[in-house]
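# structural data only, the sequence is not supplied:
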């Protein structure tokens with residue numbers, strides 16, 4: 001349940017309608033979305049950083065057409081391991097995204113079922 005109140009905004013005398021955050025399971029679910037999306041963002045960022053490092057090494061070698069810059073041949077085992085790590089970050093991000101999507105879907109279904117009387121409202 002949410003509560004509405006009227007408050008003065010920044011002391012300018014104008015009244016605004018303030019809606020307090022709900023308590024209980026709804027608040028917990030909102031917090032879950034906040035934390036899980038932060039984790040998804042972090043997983044994607046780490047994958048991006050790792051792929052960027054691999055791309056940078058490959059780019060240095062690619063642009064040294066005649067070997068005049070003294071670049072070393074690419075170590076495909078090392079780069080492959082880094083790309084696998086980036087892949088693990090992406091997979092983890094997708095798993096968390098699916099968890100949120102499916103969790104949200106089941107919450108929507110439960111809300112719909114409450115409307116038609118399958119589950120009693122609290």
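Yep, it's here. This structure is a prediction, so every number in the text was calculated from the model and none was measured.
# pretty sure residue 33 is touching residue 100, no?
Yes. With contact defined as CB atoms under 8 Å, residue 33 counts as touching residue 100 (6.4 Å). Bear in mind the C-beta positions are built from the backbone N, C-alpha and C, glycine included.
# which of the two has more neighbours?
residue 100 (17 against 12; other CB atoms under 10 Å).
# now name the helix or strand holding the more buried one.
helix 76-116 (DSSP states H and E).
# if you rank every helix and strand of this structure by mean pLDDT, what lands last?
strand 4-8 (a mean of 53; mean pLDDT, DSSP states H and E).
# next secondary structure element downstream of that strand?
With DSSP H and E, the next secondary element past strand 4-8 is strand 15-19.
# buried residues in that following strand, which are they?
Within strand 15-19, no residue qualifies as buried by neighbour count (16 or more other CB atoms under 10 Å).
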